[in-house]
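>>> Predicted structure and sequence below. I'll ask about it afterward.
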Amino acid sequence: PAHASSLFWLLAGAGLLAAAAVVLAADWLAELFGQPELAAVLRALSLLIPLTALQAVPTALFKRALNFRALAIASTGGTVIAGLTGVVLAFAGFGAWSLVANLLLQNTVLAAAIWRQSPFRPQLIYSRRHVRELWSYGQYMFFLRIAAFTFNQSPRILIGYFYDAASLGAFSLGLRIVETMIQLLALPASSVAVPVIARLRYEPVRLRRAILAATQITAMAALPAFTGFVLVAPDMVPLCFGPRWAGSVPIVQIIAIYGVAGSAALLWGGIVGGLGRPELNLATTGTGAIVSVALMLAAAPWGLHAGAVAFVVRGYITLPVMPFFIARVTGVGAWAQYRVFGPIILATATMAAAVQALITLFVERLHPLALLLGAVPIGAADYMLGLFLFARPALRLGASVLGEIRPGPKPNPPNVRPADTTG
């Protein structure tokens with residue numbers, strides 16, 4: 001309790017100080033970007049910092065207890081409620097404020113749901129000794145969060161600096177859609193991966209099966225979802241967000257290509273974290289942050305479309321490194337991890353062909369809503385047929401992960417004998 005309470009008060013205090021700093025700097029940042037209206041947006045978004053800090057400790061305790069049901073309920077509820085609210089506000093013409101409302105409502109619902117389900121209540125204690133003990137591992141996570149913020153947010157900052165508000169709005173819309181999809185498709189597998197891999201890391205056979213099964217499940221969800229979204233975006237974006245966003249469709253489609261890389265990176269990062277090697281995640285994310293800033297700066301003179309392409313490319317440049325790190329630690333070869341994508345790519349290709357054929361034939365004859373309602377079940381049916389034809393072994397191995405995540409006795413590290421209880 002002393003560790004958790006001390007960390008909670010540290011994060012809460014740091015979150016409030018950071019939020020206050022954003023509020024004070026809002027006018028200066030708005031002037032720097034030449035967007036006076038940005039000040040009000042930054043002040044509103046400053047609330048995200050303490051909201052995120054409030055979630056950290058109970059979320060970590062849920063993960064340690066393998067209580068993913070509570071996290072899934074909280075995450076799904078926040079994403080769905082905030083997503084629907086954001087769509088309604090965007091359609092009503094609130095522009096950038098619809099994205100602000102989406103972020104604030106999502107994190108408010110998430111924080112409330114987590115605290116309602118969590119038994120943790122912070123005690124009025126703060127121990128520097130306990131904080132120092134947590135810092136031995138937490139230092140990597142601290143710097144990892146800074147690198148992740150740079151990797152994820154530097155594109156938004158640079159787009160806002162080099163281009164106008166409309167360009168930033170289009171880019172932010174695409175990025176928010178992709179982030180929401182990644183949260184729904186890949187975040188659950190990544191959250192499960194950390195404690196499960198930690199539990200299995202001294203059992204090579206089960207560890208290999210768990211890594212490959214988790215990679216397959218993530219690929220089976222992400223590949224068809226993002227491919228299908230790219231195909232239906234010309235009809236879906238104006239339908240969901242209003243005709244005024246129709247010009248943003250090409251940018252949204254480009255950014256959506258990053259979704260597969262983002263999903264895989266999130267999952268593989270969770271695996272590396274579960275292996276107890278946060279320094280590898282820090283090295284990868286730190287390198288990615290540097291590459292992200294460099295590519296975005298290089299693409300800036302060529303326009304918004306080039307900036308969106310640079311955003312996607314920087315994800316696929318750093319992605320291939322993660323399986324090699326995993327292979328070095330576990331012995332599960334990088335090629336074995338990549339190979340699971342093969343049959344799923346074939347199944348996704350058959351789905352894409354069917355959906356594109358439907359769109360080509362009926363785009364001028366059907367209302368966009370009717371076209372979407374037809375494309376989704378046809379694409380899903382064709383994808384399942386493709387999995388049956390090309391990926392039956394992947395389906396069997398994917399199902400086996402259910403057995404790998406059952407809680408069991410914690411294994412002993414190598415060369416450590418169990419205690420003698422026979423007397």
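That came in fine, so what should we check first? Numbers count the residues shown, from 1 in each chain.

>>> now for the helix or strand encompassing Gln337, which elements pack on it?
For Gln337, the element it lies in under DSSP states H and E is helix 334-339. The helices and strands touching helix 334-339, judged by 3 or more Cβ pairs under 8 Å, 6 or more residues apart in numbering; DSSP states H and E, are helix 204-241, helix 321-330. C-beta: built from backbone N, CA, C; applies to glycine.

>>> got the angle between the longest one and helix 321-330?
Interaxial angle, helix 204-241 versus helix 321-330 (axes from the mean of the first three to the mean of the last three Cα atoms, to 10 degrees): 160 degrees.

>>> Quick check: buried residues in helix 204-241?
206-241 (16 or more other Cβ atoms under 10 Å).

>>> With distance to Val252 and mean pLDDT as new columns, can the helices and strands packed on helix 334-339 be given to me in JSON lines?
Shown next, in JSON lines, are the helices and strands packed on helix 334-339 (distance: least, Cβ to Cβ, whole Å; pLDDT from 0 to 100):
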{"stretch": "helix 204-241", "distance to Val252": "6", "mean pLDDT": "89"}
{"stretch": "helix 321-330", "distance to Val252": "26", "mean pLDDT": "90"}
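
>>> any chance of those in TSV, plus distance to Ala306?
Formatted as TSV, those follow (distance: least, Cβ to Cβ, whole Å):
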stretch	distance to Ala306
helix 204-241	18
helix 321-330	24
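
>>> Of all those, which one comes closest to Glu37?
For those, proximity to Glu37 was assessed by Cβ to Cβ; helix 204-241 is nearest, at 19.6 Å.

>>> Which SSE is immediately downstream of that closest one?
Helix 204-241 is succeeded, C-terminally, by helix 249-256 (DSSP H and E).

>>> Now that next one: buried residues?
249, 251-256.

>>> Check stretch 377-393 too.
Quick answer for stretch 377-393 (16+ other Cβ under 10 Å): 379, 382-383, 386-387, 390-391.

>>> Tell me which entries of the residues you listed lie within helices.
Under the assignment DSSP state H, the buried residues of stretch 377-393 contribute 379, 382-383, 386-387, 390 to helices.

>>> Can you lay out these as CSV showing pLDDT and distance to Val321?
Shown next, in CSV, are those (pLDDT from 0 to 100; distance: Cβ to Cβ, whole Å):
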residue, pLDDT, distance to Val321
Gly379, 93, 32
Asp382, 93, 33
Tyr383, 92, 29
Gly386, 90, 29
Leu387, 88, 28
Phe390, 85, 28
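
>>> Need the max-distance pair from those.
Gly379 and Phe390, at 15.9 Å, using Cβ to Cβ across those.

>>> if we can go back for a sec, can you spell out which helices and strands pack onto the helix or strand following the helix holding Gln337?
Later in the chain than helix 334-339, the nearest helix or strand by DSSP H and E is helix 341-362. Counting contacts by 3+ Cβ pairs under 8 Å, 6+ apart, helix 341-362 is packed against helix 204-241, helix 368-390, helix 392-404.

>>> Tell me which residues of helix 341-362 come out buried.
Applying 16+ other Cβ under 10 Å to helix 341-362 flags 341, 343-344, 347-348, 350-352, 354-355, 358-359 as buried.

>>> can I get these in JSON lines with pLDDT and distance to Leu47?
Formatted as JSON lines, those follow (pLDDT from 0 to 100; distance: Cβ to Cβ, whole Å):
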{"residue": "Phe341", "pLDDT": "91", "distance to Leu47": "39"}
{"residue": "Pro343", "pLDDT": "91", "distance to Leu47": "45"}
{"residue": "Ile344", "pLDDT": "92", "distance to Leu47": "39"}
{"residue": "Ala347", "pLDDT": "93", "distance to Leu47": "42"}
{"residue": "Thr348", "pLDDT": "94", "distance to Leu47": "39"}
{"residue": "Thr350", "pLDDT": "93", "distance to Leu47": "45"}
{"residue": "Met351", "pLDDT": "94", "distance to Leu47": "40"}
{"residue": "Ala352", "pLDDT": "95", "distance to Leu47": "40"}
{"residue": "Ala354", "pLDDT": "93", "distance to Leu47": "44"}
{"residue": "Val355", "pLDDT": "93", "distance to Leu47": "40"}
{"residue": "Leu358", "pLDDT": "91", "distance to Leu47": "43"}
{"residue": "Ile359", "pLDDT": "91", "distance to Leu47": "41"}
